[in-house]
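Q: Here is a sequence with its predicted model. Questions after.
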Amino acid sequence: MALSRLTSRSNTITRPFSAVFSRLISTDTTPITIETSLPFTAHLCDPPSRSVESSSQELLNFFRTMALMRRMEIAADSLYKAKLIRGFCHLYDGQEAVAIGMEAAITKKDAIITAYRDHCIFLGRGGSLHEVFSELMGRQDGCSRGKGGSMHFYKKESSFYGGHGIVGAQVPLGVGIAFAQKYSKEEAVTFAMYGDGAANQGQLFEALNMAALWDLPAILVCENNHYGMGTAEWRAAKSPSYYKRGDYVPGLKVDGMDAFAVKQACKFAKEHALEKGPIILEMDTYRYHGHSMSDPGSTYRTRDEISGVRQERDPIERIKKLVLAHDLATEKELKDMEKEIRKEVDDAIAKAKDCPMPEPSELFTNVYVKGYGTETFGADRKEVKAVFP
Amino acid sequence: MLGILRQRAVDGGLSTSFLRKTRSALVSARSYAAGAKEMTVRDALNSAIDEEMSADPKVFVMGEEVGQYQGAYKITKGLLEKYGPERVYDTPITEAGFTGIGVGAAYAGLKPVVEFMTFNFSMQAIDHIINSAAKSNYMSAGQINVPIVFRGPNGAAAGVGAQHSQCYAAWYASVPGLKVLAPYSAEDARGLLKAAIRDPDPVVFLENELLYGESFPISEEALDSSFCLPIGKAKIEREGKDVTITTFSKMVGFALKAAEKLAEDGISAEVINLRSIRPLDRATINASVRKTSRLVTVEEGFPQHGVCAEICASVVEESFSYLDAPVERIAGADVPMPYAANLERLALPQVEDIVRAAKRACYRSK
């Protein structure tokens, strides 16, 4: 039952939804080589080349998808302020290059697991805007049928394992998925993503030790946005060189605002992990929003810093400049694309708003796969009872 | 499924000190039928894991000393030799890490059997058991199920002190999304562990160190490799009509001894072996209390918010008008486990405590 609902809902982003987009990409598949803005810094390995193979199709796709991700997160901000999204909402705007660069280097057989800042990763794995907004607003069509919320997006058929609320827990889980990939001889890898705050978690080092001992195809990706909630990295980590923290495990420091650098690093990491075992990627990135919607994000950093990054390093601006430089579209075409994206997002929100909330009976579904007919209870057990199938 | 009722005929019953002395030795019960097989709980668990690993290549074992050392309590003896290092993993002493890895492997479709050397150490990994395993199927609306078994010795051993003696049944059984099983006999051990490994949900499997060496009669049916016990069903170990005694794990043996003593005084006690703490077989417990009108519920763990408290609440809610006496609880003392032998004995339920409570319930105390 759930499976058919999932397949009918799933929607890849590369579906030519936008008229402008499909016209632009239909013509050109010529290869393009892009130089990363910064070199890679390596620990216990030889860094990959700064020349990244791409294509005009990929370049345009990067722009479109990142613009979509950006628009989606900004829209979520408004929905949260309108109290349509409740609880926690951790936004990813600024970090889009990590999600998109990673997807460009891997397949859907490679697994991704991340923490709670998961909306854009979910989109990158093939999730739809409708699933995102429905889940955020707690509706039936949400990717977790409204039962997970912002922090618990999953897409198992695309090997996206969530969506985790406990800081750091996703790293051993990700190493476990890599374990399963090696056990089943799948020739696939797992990207376990975490932040600079989670980088100090003990369980991370426990899992990394085992990954190294057993040569697991695990890639630990530290999305270093320099603040663990309100605590700057230098206040939390004696050594904020997260790419070196693996000690005996090789690492690479990557400009996380450069989608092509991210792509190259992930490609490199995948090859490494399949042959030699775990590796750490530190993505130097930045989030424009605060830690969550309840954090203004300006009490522990200056507005100048935020606007400075936006001016100098914004990942979408960078791609836009490349698109224009390679004559793949005009400014006006890109603006039209952004308008279409805005409309796409607005339409998805309207559709999600119309979606009903889960049935009360859903309170009791999916507690177990196999319930053995046992009883379960609501708040007043003499009033509300159910039986697990 | 006819389990042969086990009756201890050793003089004076098995006191805790006797158990301590003979912990690793086999204590054989009398056979009833010629050629009836016996099996230790240890062998029962070992054979269960062995058979499930043989039947399903996705099943693997992970934990400290489970491989080369043959298992801290020898439960996984011989498995490394038989299945190789690709299926039996010795881990470093890093519970949070390897439990997370086990849960992640279960996310991706494997069937890990994760051993905690004792469940005291599971506290280092409890976040993964609860937040990563128990809740995932619900939070993902059925996308991510977690077919994992967490197993190991639970509760008091003998003289191991406060940090190594806690019973975790109540804690884990309070969590929706987990299943919690507690075998007593060899048949329980086999049937429940096999069921747990096959189960698509996370199962906490609470064994008992002092039971590992105990031998129980075991039926041919239970020896079959397809043997499985149902999860969520208690077993009536001894039928009776005057008072219901519910318990699990090692205390089942104590309750059976108490029932013998009570029988000498003309009180017929019904002993229920819970087998499954979550789901709890409220139906069997309540049906029994409606028959006997009296309840004595026994557990080894701390008394406050324990398994007994849940059973008492269930009986008071469901069968109030059938009760002829207040519900009785016999549990571990409300203190950390002391080391000195006499204090340890005072900290744990003894047969005489169960007898006394049953007599109180029958208005037969002094």
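A: That came in fine, so what should we check first? Numbering: from 1, shown residues only, chains lettered A, B, ... in the order given.
Q: Convert stretch B:254-262 to PDB, retaining C-alpha atoms only.
A: Taking C-alpha atoms only, stretch B:254-262 is exported to PDB below (Å, rounded to 0.1, in the frame of the first residue of the first chain):
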ATOM      1  CA  PHE B 254      12.000 -19.100  42.100                       C
ATOM      2  CA  ALA B 255       8.200 -18.800  41.500                       C
ATOM      3  CA  LEU B 256       8.000 -22.500  40.700                       C
ATOM      4  CA  LYS B 257       9.800 -23.300  43.900                       C
ATOM      5  CA  ALA B 258       7.500 -21.000  45.800                       C
ATOM      6  CA  ALA B 259       4.500 -22.700  44.200                       C
ATOM      7  CA  GLU B 260       5.800 -26.100  45.500                       C
ATOM      8  CA  LYS B 261       6.100 -24.700  49.000                       C
ATOM      9  CA  LEU B 262       2.700 -23.100  48.800                       C
END
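Q: can you give me the strands in the chain?
A: Just going to use chain A. A:31-35, A:41-43, A:51-55, A:111-113, A:190-195, A:218-224, A:227-228, A:231-232, A:251-255, A:279-284, A:375-377, A:385-387 (DSSP state E).
Q: The chain in question should be chain B.
A: B:37-40, B:59-63, B:88-90, B:111-115, B:149-153, B:179-181, B:203-207, B:215-218, B:235-238, B:243-247, B:269-273, B:276-278, B:295-298, B:328-330.
Q: With distance to chain B, mean neighbour count and mean pLDDT as extra columns, can I get the strands of chain A in CSV?
A: Placement of C-beta: from N, CA and C, glycine included. CSV is the format used below for those (distance: least, CB to the nearest CB, whole Å; neighbours: other CB atoms under 10 Å in any protein chain shown; pLDDT from 0 to 100):
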stretch, distance to chain B, mean neighbour count, mean pLDDT
strand A:31-35, 34, 15, 95
strand A:41-43, 21, 17, 98
strand A:51-55, 30, 17, 96
strand A:111-113, 7, 30, 98
strand A:190-195, 8, 28, 98
strand A:218-224, 10, 30, 98
strand A:227-228, 18, 21, 96
strand A:231-232, 21, 14, 97
strand A:251-255, 19, 27, 98
strand A:279-284, 16, 27, 98
strand A:375-377, 7, 15, 95
strand A:385-387, 11, 13, 94
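Q: right, and those strands - which one's nearest residue B:205?
A: strand A:375-377 (21.6 Å; CB to CB).
Q: Tell me the gap between the longest helix along chain A and the middle of its chain.
A: Using DSSP state H to define each element, chain A has its longest helix at helix A:56-81. Centre-to-centre, helix A:56-81 and its host chain are 12 Å apart (CA atoms, centre = their mean, to the nearest Å).
Q: Check which residues of it are buried.
A: For helix A:56-81, a neighbour-count test (16 or more other CB atoms under 10 Å in any protein chain shown) marks A:56-76, A:79-80 as buried.
Q: Point me to the residue of the stretch 201-350 of chain B nearest chain A.
A: In the stretch 201-350 of chain B, the residue found nearest to chain A is residue B:279; the distance is 3.7 Å by CB to the nearest CB.
Q: Contacts only, for that residue.
A: Applying CB atoms under 8 Å, 6 or more residues apart in numbering or on different chains to residue B:279 gives the contacts A:371, A:372, A:374, A:375, A:388, B:179, B:231, B:232.
Q: of those residues, closest to residue B:39?
A: Using CB to CB, the contacts of residue B:279 come closest to residue B:39 at residue B:231, 21.1 Å.
Q: Output the set of residues of the stretch 51-200 of chain A in proximity to chain B.
A: Contact residues, the stretch 51-200 of chain A versus chain B (CB under 8 Å from any CB of the partner chain): A:111, A:113, A:143-148, A:152, A:154-156, A:161-166, A:169, A:171-181, A:183-184.
Q: So which bits of the stretch 251-366 of chain B are right by chain A?
A: Near chain A, when you scan the stretch 251-366 of chain B using CB under 8 Å from any CB, you find B:279, B:282, B:317.
Q: Next, format the residues you listed as TSV and append distance to residue B:60.
A: Below are these laid out as TSV (distance: CB to CB, whole Å):
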residue	distance to residue B:60
B:279	27
B:282	35
B:317	42
